[in-house]
Structures are given as structure tokens and as C-alpha cells.
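Undergrad: Below: sequence and its predicted model.
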Amino acid sequence: MTEDLASLLDYVTPGQAKVIEAIIKANGNISEASRSMGINRSSVQLQLARAKVRAALAGHAPGHFDDGVAPGYRMGKVTIQRGPGGVERVWERQHPDDQRRQEGLREFVEGLLETGARGASEVVKPPSGTNADLLTAYLFGDPHFGMRAMAAEAGEDFDLAEAERITCAAIDYMVGRAPPSETGLLVNIGDYFHADDSTNQTPAHKNPLDVDGRFFHITQAGLRALVYSINRMKVRHSKVIVWILPGNHDPHTAWMLALCLSSFFDNDPRVVIDMDPGLYKYLRFGRNLLGAHHGHGAKLTDLPLIMANDRKEDWGQTDHRVFWMGHIHHKQVQEVHGVFVESLNTLAPGDAWHRGKGYRSTRSSQMVVLDANHGETERHKCNASILRKAA
């Protein structure tokens, strides 16, 4: 047993490694290991289980691939070859379990925290003279970091560097035009990343994706752009709230992104990263009720009733209700049951697949200003053409 545990050490976080080393030193006795570390037995067992999942997701699961299902995997197709004497061979296909996969991402971020990445942001004084009756929402629809598009196929060039550049340029443009509202709300409506992992396929249907660069570099660039955006908003607003919605392209990396941002800004009480992992987010601001959903889980016309059901008390005490969504990439606004449902444009162009299907949409992001009592009072549209590089 101890040999199998030792083989896990190359795949786990520093905290998990300490637990495994304590178990090895105790000759596999969990109770003795927990006493030596001064923590309860269940905590040791939990860390050991997580370590096995982490290693299995990396392809290392001693004893499990020969018999049973590896931690972090689920059983897929089973093929049985029968001969004259009965069953001769059995082939099993095991696939990463989505829930376990998300836990693996959480473990990755926890590992970063153990190395001192928590609370690394620069804390600066809040701006003076902000208006508590105003909220400014910065709306980013489907950024698709990591998407690769060539002008010859898609009409415009787009890559990872351009995604980062245009996102930072857009926040600069909008913050420069924002009123001194006390609260700034950053809404990433989902599909922030074009691909959810290095397979470069959509998670649900396994459609191939045109991707620019390694997954490691894509997530780095995406995180940099959001850190930059939040820091720019801190200059203008006393409080910054961040919504990271999971999309159909990035259901797992969206959660990883929120975890990383929460850790990075952990030392700054002015920044609030919404850590609710659900597909719907809500915020009551005075007489306003704001909602957001990527758009892949419910129809546009169903969102108002979902809001009313999810936020019964807020619904009854508000007059101005807005629901933002993405997914379809083109602008659409409908007033449904007293709720303005708005689908957002994206700053990214279409890729070769969308272009070939005939999809076209305006490229933009928007900044919306809401008064606590009177609802939306102004907005600024940031077209991608404004943000083009100088020739």
C-alpha cells in the first residue's frame, strides 16, 4: 500500500503530499497519521481521496485500471469477446467524470494557494465622491479567449493576443466614460474561454474547435485580462462585483477562473467575486433586480419566470428588472412579463464554422448605468471598430 501511495507524490499538491507522507510514515495507518498531523481522521481520508482523483485524472491510478473504475473516472463502453469456452476478453473504456473533473480544477487552484498566490493584488485607496445611488455594469458577451480565426476563412483575423488586447482596450474605453458610481459590476456572460481543456472540443458534443496556442497560455491570458479589468474598475468605483457565468464552451474553466480571481483579490475587501457555481446570477440594487445567464440552459422567453421563481421576495420589491444573456452573439431585446431580456454581442468575430453557416453579428461590449430608484439612465456602446489597432 505504501508503495502505491508513494507513487502518487508526483501528481498531488504540496498539502496532499504532506498527508501522504504522514500515512506512509505510519505504515498506512490513517488514525496514526491523523494524530501525528494534529488533524481529524476524516480530513486525512478526504485529502487522500482527492490526491487519488488528481493522480487518476493525470493517468496514474495504481490498481484501479486492472480492477474497477479509477478515481475521477466513470465507466464508459464495455466490449466483451466470447469464445467457445465463454468470455475470453473484456475491454473497458473509462472517461473522466465531469463532477470529478471540476473537483480536479478546484484542487489545482487550492494547490496554487498553498504556494502563496492568495491575496496578491495591490490594495489601493477607493476613489472619493462616488455616488451610492448608481451602479455601472460592464457587459462582456462570449469573449472566446483562445479562438483562432483567419481572415481568409472567417472575414477577420483573431487570436489569443488580440482577445487580450481588445478586452483590455474595451474596459479602458468604458471606464473612461463611466460616472463615479459607488458600485461597478463586471458581467462575463460565459464562453470566456473558447475551449474547456486541451482536447479543443466542445465539452458536451465534442465538436472540434479552432484554437490558438496551448491551453496553459490561453488560461493565463484570460486571467490577465480580467485582473487588468478589475484593477481598472477599482480606480473608478468603490466596490467591484464580478460575475463569471459558465458557458457551453467553458463550464469547468469558468469555475476555475472564479476561484483564481477570488484567491488573487482575497486581500481586497473592495472586490467581491461571486462564487455561486450556479448557471444563474442575481443582484438586487435598490428598486432594480438584475439577472444573468449564458443562454444555453433556458430560452430567452423563459428567463423572466425563472427570475420570479428564484427571487420571489426581490421580485415583489422591485420595479426595474433586467436579464442579460449571451450564447447567440447577436443583439436582441425583448420585454417579457415586465422584464427586459437582452442578449449581448461579443467583441470576438465568428470563427470559420460560424462564418460558413452564415452567422453574422455586430462586435461590441456595453456599459449600462442604473439608478437605484429609476432603473437604467444611460449606456455606452463600445464597438470593436473603435478599438482597432492604429495602422
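TA: Now that the structure is in, tell me what you want to look at.

Undergrad: what residue ranges in the stretch 51-200 of the chain score low on pLDDT?
TA: Applying pLDDT under 70 to the stretch 51-200 of the chain flags the ranges 57-59, 61-81, 85-118, 154.

Undergrad: would you list every one of the helices in it?
TA: 98-114, 151-154, 160-175 (DSSP state H, counting those that start in this stretch).

Undergrad: Contact partners for the spatially most central residue of the chain?
TA: The chain has Ala254 as the residue nearest its centroid, 1.0 Å off, counting by C-alpha atoms, centre = their mean. By C-beta atoms under 8 Å, 6 or more residues apart in numbering, the contact set of Ala254 is Asn188, Gly190, Tyr192, Phe193, Ile244, Leu245, Pro246, Gly247. C-betas here are computed from N, CA, C, even on glycine.

Undergrad: I'd like to know how far the fourth one sits from Gly146.
TA: Distance, Phe193 to Gly146, by C-beta to C-beta, to the nearest Å: 6 Å.

Undergrad: which among the contacts of Ala254 end up buried?
TA: For the contacts of Ala254, a burial check counting by 16 or more other C-beta atoms under 10 Å picks out Asn188, Gly190, Tyr192, Phe193, Ile244, Leu245, Pro246, Gly247.

Undergrad: coming back round to it: make a markdown table from the contacts of Ala254 and add distance to Trp324 to it.
TA: Converted to a markdown table, the contacts of Ala254 look like this (distance: C-beta to C-beta, whole Å):
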| residue | distance to Trp324 |
| --- | --- |
| Asn188 | 11 |
| Gly190 | 10 |
| Tyr192 | 15 |
| Phe193 | 19 |
| Ile244 | 14 |
| Leu245 | 9 |
| Pro246 | 15 |
| Gly247 | 13 |
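
Undergrad: what two of those residues are the furthest from one another?
TA: The distance between the two most remote of those (C-beta to C-beta) is 12.1 Å, for Phe193 and Leu245.

Undergrad: Outline the domain layout of this protein.
TA: Domains of the chain are assigned by automatic domain parsing as 2-98, 127-387.

Undergrad: Can you tell me the SS state at the residue nearest to the centre of the chain?
TA: helix (DSSP: H, G, I helix; E, B strand; the rest coil).

Undergrad: before we move on, back to that, tell me the most buried of the domains of the chain?
TA: Among these, the stretch with the highest mean neighbour count (mean count of other C-beta atoms under 10 Å) is domain 127-387, at a mean of 19.

Undergrad: how long is that domain end to end?
TA: End-to-end distance of domain 127-387 (C-alpha to C-alpha, to the nearest Å): 26 Å.

Undergrad: please begin residue numbering at 52 from this point
TA: Sure, I'll start counting at 52 from here, so that last one is domain 178-438.

Undergrad: What ranges does the stretch 252-401 of the chain have for its strands?
TA: 290-295, 322-324, 331-336, 339-344, 371-376, 383-387, 390-394 (DSSP state E, counting those that start in this stretch).

Undergrad: Against Val392, how distant is the closest residue in space to Val390 that isn't next to it in sequence?
TA: Using C-beta to C-beta, 6 or more residues apart in numbering and skipping the chain neighbours, the partner closest in space to Val390 is Pro355 (3.8 Å). Using C-beta to C-beta, Pro355 is found at 7 Å from Val392.

Undergrad: who touches both of those two?
TA: By C-beta under 8 Å, 6+ apart, the residues touching both Pro355 and Val392 are Phe374.

Undergrad: List the residue ranges of the stretch 302-442 of the chain that fall below the pLDDT cut-off.
TA: 403-410, 440-442.

Undergrad: now with 50?
TA: 441-442 (pLDDT under 50).
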